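Undergrad: Here is a sequence with its predicted model. Questions after.
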Amino acid sequence: MSEATLQPVPANTTGIDRVRITQVEVIPVRIPFSAPFKIASGAARLTNDTLYVRLHTDAGITGLGETQAWRRQGSVETLASLIAAIETILAPHLTGRSPFAMNAIMADLDEALYNSFYAKAAIGDALMDLQGKLLGVPVHVLLGGRCRDWLEACAVLSIKPDFAETMDQARAFWDRGFTSFTFKVGLDTDADIRNTRTLREAFPDAILRIDANAAMGFDAAATLLERIAPYGIDAAEQLIALWDVEGMAELARRTTIPLMADECLGSDHDLMRIIQLRAARVLQTKVAKNGGIHRSRHLWALAHTAGMRIYPGNHPSTSVATASVVQLAAAWPGALLHGPFAVGITGALAADPVEQPLTMQGNRVLVPKGPGLGVTLDDDRIAALRVDL
Ligand SMILES: [Mg+2]
C-alpha cells in the first residue's frame, strides 16, 4: 500500500463546478491485430473496431474513454450503432451539464437507453478522465486513493493453427516475466486435454487457466473439467453458452475447478443470478462489456461481498481502456487475480495510438500518475487508423 501522490491542483479550480460539457466527439478507428486473433467463438479477426469518446468542455479541457464494437459473445454493437446511440440518444444528456454530475448523468443514460453498456462505458470513463483532469488528480484518487502501484497481467494464449506456436507464445511471455496463462480452448476437447497437460508439464509453476469463450456444449465441458482437474487449473472461464447459467451451476457442482463467469455477466442483475445459483466462483469484468469504471466497480463490490474472486479483464484494448482497468484496480484494496486486462497492449494489437503508452515492467502495468486516466491520444496516428462510416 502506498499513499497517493497528488498532483498540484490547478490555480483555476475555483469555479470548476461551472465547467460545462460542450461537445461529445466520437472517434471510430480500426486497430490491426498483430496476428489473426482466434478464440473458440467466431472467425479469426484481423482488426478490432474501436471507438473513442472525447468530451469537450468550455474550459478547453477534454476527457477520453474507449470502447469496442466486439460483435460476438453478447456484443451486438457495430461502430455505426455505437455512434448512433451516442450521438442521437446519449449525447443530449451530456451537453450543457457539469462533468461532476456523473451519477445523475449515468442514471439519465440508463433511463434513455436500456443496458447498452458498450456505449456507456466510453462515456462514463471519459467523464472520470475529465473530472481528474479538471482537478489535476489521477482517476484512482477520485475512487478513494491509491492502494497499489501496479496491476499484474496474465498472458492470453489465443488459438493458433499449430499448438507448437502456442507453446512458443507461452515461452516468450514466460521469459518476459508473465507467470499466469489463460489458454484458449473449446474447439477440440481431446486436443484441449492433451495441450493443457503439455502446458502444465512445460510450466509447472505457472498459474494456468482455460477459457472456451462460451463455445462448448455441456457434455464436452464436463469431460474437459474432469480430465484436466489433475493439472492444477486455477479457473475455467465461460465454457458454455452465455445464456446457460443453470448449466454453469450444474458444472460447478460436478467439478473441483473454480468456474469463471465472463460472457454471461453484463449487468449487476446477471451477477446476482450467478451468485444466487452459485454458477461461478470468479468474475471477469471488461471495460466495454460491463459499462466502464462506474459499473465495474459496483460489480467488484457485489462479487467481493459474495466471496467471489475478481479477474480484471478487457477486450483487446489500447492504453486508454487498459488505463481504465488499472485506475480502478489502483483504488481497490482487496485481492485481484492476474487478469487479461492488458491483452491489447501485451501483444494482441499492432497499434497503440496514444502519446505515452502505459508502462510495463514484466507482467506489471504501472499505475499512471498523470491526471485523469493518465493517457492522451496521438491525433496524428489516430488519423491514420480512422474509419469513415
Ligand atoms: Mg473471457
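TA: Yes, it's here. Residues are numbered from 1 along each chain as shown.
Undergrad: how near is the residue in the stretch 201-350 of the chain positioned nearest to the ion to residue 76?
TA: For the stretch 201-350 of the chain, the residue closest to the ion is residue 262, as judged by C-beta to the ion, at 3.7 Å. In short, each C-beta sits where N, CA and C put it, glycine included. Remark: distance between residue 262 and residue 76 (C-beta to C-beta, to the nearest Å) = 17 Å.
Undergrad: Ok, residue 235 next?
TA: Separation of residue 235 from residue 76 (C-beta to C-beta) stands at 27 Å.
Undergrad: again, but for residue 98
TA: Taking C-beta to C-beta, one finds residue 98 at 32 Å from residue 76.
Undergrad: who has more neighbours, those two?
TA: For residue 98 versus residue 76, the count of surrounding residues by other C-beta atoms under 10 Å is larger for residue 98: 19 against 11.
Undergrad: does the ion sit close to the host helix or strand of residue 182?
TA: Residue 182 is located in strand 180-184, with elements delineated by DSSP states H and E. No: counting by C-beta under 5 Å from the ion, the ion is not contacted by strand 180-184; separation bottoms out at 7.8 Å.
Undergrad: next helix or strand past that strand?
TA: Downstream of strand 180-184, the first helix or strand assigned by DSSP H and E is helix 189-202.
Undergrad: would you put the C-alpha positions of the top helix by length along the chain in PDB?
TA: When the chain is parsed with DSSP state H, its longest helix is helix 117-135. The C-alpha trace of helix 117-135 is given here as PDB (Å, rounded to 0.1, in the frame of the first residue of the first chain):
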ATOM      1  CA  PHE A 117     -23.000  -0.900 -21.700                       C
ATOM      2  CA  TYR A 118     -20.600  -0.800 -24.600                       C
ATOM      3  CA  ALA A 119     -21.700   2.800 -25.400                       C
ATOM      4  CA  LYS A 120     -22.000   3.900 -21.800                       C
ATOM      5  CA  ALA A 121     -18.500   2.600 -21.000                       C
ATOM      6  CA  ALA A 122     -16.700   5.100 -23.100                       C
ATOM      7  CA  ILE A 123     -18.900   8.000 -21.800                       C
ATOM      8  CA  GLY A 124     -18.500   7.100 -18.100                       C
ATOM      9  CA  ASP A 125     -14.800   6.700 -18.400                       C
ATOM     10  CA  ALA A 126     -14.500   9.900 -20.300                       C
ATOM     11  CA  LEU A 127     -16.400  11.700 -17.500                       C
ATOM     12  CA  MET A 128     -14.000  10.300 -14.900                       C
ATOM     13  CA  ASP A 129     -11.000  11.300 -17.100                       C
ATOM     14  CA  LEU A 130     -12.400  14.800 -17.400                       C
ATOM     15  CA  GLN A 131     -13.000  15.100 -13.600                       C
ATOM     16  CA  GLY A 132      -9.500  14.000 -12.900                       C
ATOM     17  CA  LYS A 133      -8.000  16.400 -15.500                       C
ATOM     18  CA  LEU A 134     -10.100  19.300 -14.100                       C
ATOM     19  CA  LEU A 135      -9.000  18.600 -10.500                       C
END
